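Trainee: what follows is a predicted protein model with its sequence.
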Amino acid sequence: MDREVQFQVADGRFRSVPEGKEEVIIETRGLSVYYGYHMALYDINLPIYKNRITAFIGPSGCGKSTLLRCFNRMNEVVADVRIEGEVLFHGKNVYDPDVDPVLLRRRIGMVFQQPNPFPKSIYDNVAYGPRMYGIKDKATLDEIVEESLRAAALWDEVKDVLGKSALALSGGQQQRLCIARTIAVKPEVILMDEPASALDPISTARIEELMQELARQYTIVIVTHNMQQAARVSDYTAFLYLHEEWGAGYIEEFGPTKELFLNPKKKRTEDYISGKFG
Ligand SMILES: Nc1ncnc2c1ncn2[C@@H]1O[C@H](COP(=O)(O)OP(=O)(O)OP(=O)(O)O)[C@@H](O)[C@H]1O
């Protein structure tokens, strides 16, 4: 059944998504995050829509990466972090005590800014996750490796050198390998933290193309410093800003990307996207 999707903007009012037909896969409710005594995020209420690309933009330090890492509990590896509120994934709070973070991260995978392949062969990088989850059969692993490398648009470049070290690949190829490694465990959501910022323009364009392809099958959330990139690739954009009083990041504006870039509701969004500050 279609659900009327509403989201809260910074002034506390609720607005509904114009399409009204989107399926929410992740939703934060009253999410605040603290590192020790420092509040990094304040009262985040945000939906993430299934099979869509959502971009987080905003000035440095406003909590974009922190928010992304809340979705699959990657923040927990940081000492002294405290989370208030909820992150609902298919309606279930991922911070409930009965949620296994390892299984959660299988369903919500992550790609980082710096390509971080393991010092293993290309094949073993992709087969790593499936093996960890108990797949041993060689033919099945071969199939998953090929399928994942194809989905990450890397297969044609590496199919004859699968035994070669992943570290011998170019930066752009390494990042696509990391995407293949993430896809290999068949996640539902892929979180990407500035996945192209360490890459040259050609590799960046390939990653952007790849994101569009992947969004047919996966839900993607991307943190980017590059507003043109957000405008090019994403369906929805959340603009985070630093709260004047609290010093913590909050959602200044969220909406369909076209609307946010062409017709921002907030003066601050307009100033930010037109480069007046940032
Ligand atoms: N591990 C940590 N321990 C303590 N404070 C942290 C930690 N990670 C982030 N912070 C703080 O939380 C705030 C938000 O950081 P975060 O990296 O999420 O912002 P960001 O918007 O992604 O920044 P950038 O665009 O510069 O990457 C910052 O004040 C940062 O210093």
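Mentor: Cool, the structure landed.
Trainee: hey, where'd the helices end up in the stretch 151-278 of the chain?
Mentor: In the stretch 151-278 of the chain, the helices defined using DSSP state H, counting those that start in this stretch lie at 155-158, 171-183, 201-214, 227-233, 257-262, 267-273.
Trainee: let me have the ones you listed in JSON lines, extended by mean pLDDT.
Mentor: Compiled in JSON lines, the helices of the stretch 151-278 of the chain are given as follows (pLDDT from 0 to 100):
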{"stretch": "helix 155-158", "mean pLDDT": "95"}
{"stretch": "helix 171-183", "mean pLDDT": "95"}
{"stretch": "helix 201-214", "mean pLDDT": "89"}
{"stretch": "helix 227-233", "mean pLDDT": "91"}
{"stretch": "helix 257-262", "mean pLDDT": "92"}
{"stretch": "helix 267-273", "mean pLDDT": "93"}
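Trainee: can you tell me which helix or strand of this structure has the lowest average pLDDT?
Mentor: In the chain, no helix or strand scores lower on mean pLDDT, DSSP states H and E than strand 14-16, which sits at a mean of 43.
Trainee: I'd like the next helix or strand past that one.
Mentor: Per DSSP states H and E, the first helix or strand lying C-terminal to strand 14-16 is strand 24-35.
Trainee: so in that sheet, which strands flank that next one, and in what orientation?
Mentor: Using DSSP bridges, the strands paired with strand 24-35 are strand 38-49 (antiparallel), strand 81-89 (antiparallel).
Trainee: state the mean pLDDT of it.
Mentor: For strand 24-35, mean pLDDT is 96.
Trainee: can you show me the CA trace of that strand as PDB?
Mentor: Extracted C-alpha coordinates of strand 24-35, given in PDB (Å, rounded to 0.1, in the frame of the first residue of the first chain):
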ATOM      1  CA  VAL A  24      10.900   4.300   3.000                       C
ATOM      2  CA  ILE A  25      13.700   1.800   3.700                       C
ATOM      3  CA  ILE A  26      15.500   3.700   6.500                       C
ATOM      4  CA  GLU A  27      14.100   6.400   8.700                       C
ATOM      5  CA  THR A  28      15.700   8.400  11.500                       C
ATOM      6  CA  ARG A  29      13.600   9.700  14.300                       C
ATOM      7  CA  GLY A  30      14.900  12.300  16.700                       C
ATOM      8  CA  LEU A  31      18.400  11.100  16.100                       C
ATOM      9  CA  SER A  32      21.100  12.900  18.000                       C
ATOM     10  CA  VAL A  33      24.800  11.800  18.200                       C
ATOM     11  CA  TYR A  34      27.400  12.800  20.800                       C
ATOM     12  CA  TYR A  35      31.100  12.200  20.800                       C
END
